[in-house]
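Trainee: Predicted model, plus sequence, below.
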Amino acid sequence: MKQWVKKLKTPFVTADIIIRRNQGIVLVERKNEPHGWALPGGFVEVGESLENAACREAEEETSLEIELVEQFHAYSEPDRDVRFHSVTVVFIADAGAGVLRARDDAKKVKIFSEMTLPDHIAFDHRQIIADYFNYVKTGKRPSIYPG
């Protein structure tokens, strides 16, 4: 094995989902650190596509089947997760079958509008949510350039 391969360290890859339901979006309250409300989502497993990870995580945390509508944006700031460097690909999805119920590592699950967002939102999800609501209003996606 080449020396550079042994030293190779890469960010963790996650998929997060903006699930649209009843004129709002679904957020989960996390059971584990870091605590707070967050978009449903989680780690992509080896051998799994981003799309399949998004659908799996949505169902595991919210009990909802979802229909992916579009890939929204990727977020990769090294400090976006206080635990380690992670890169997330965010999808927009419509809620499908199922009863909204917290499962897996979600303590609670609730639908929020832009005006009713909770105070404590984990990770960089407040920015992601703001970018989403801006996109809904203007049709403009977040900039791919930092700053």
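Mentor: That came in fine, so what should we check first?

Trainee: Okay, and the beta partners of the closest residue in space to residue 43 that isn't next to it in sequence?
Mentor: The shortest distance from residue 43 to any residue other than its chain neighbours is 5.5 Å, reached at residue 14 (CB to CB, 6 or more residues apart in numbering). (Glycine included, C-beta is placed from N, CA and C.) In this structure, residue 14 has beta-bridge partners residue 43, residue 88, where bridges are defined by DSSP bridges.

Trainee: wait, doesn't residue 14 sit right on residue 85?
Mentor: No. Using CB atoms under 8 Å, residue 14 makes no contact with residue 85, being 11.1 Å away.

Trainee: Of these two, which one has the most company?
Mentor: With neighbours defined as other CB atoms under 10 Å, residue 14 and residue 85 compare such that residue 14 has more, 22 against 14.

Trainee: Could you measure from the more buried one over to residue 99?
Mentor: For residue 14, the distance to residue 99 (CB to CB, to the nearest Å) stands at 25 Å.

Trainee: same check, this time on residue 59
Mentor: As for residue 59, its distance to residue 99 is 12 Å (criterion: CB to CB).
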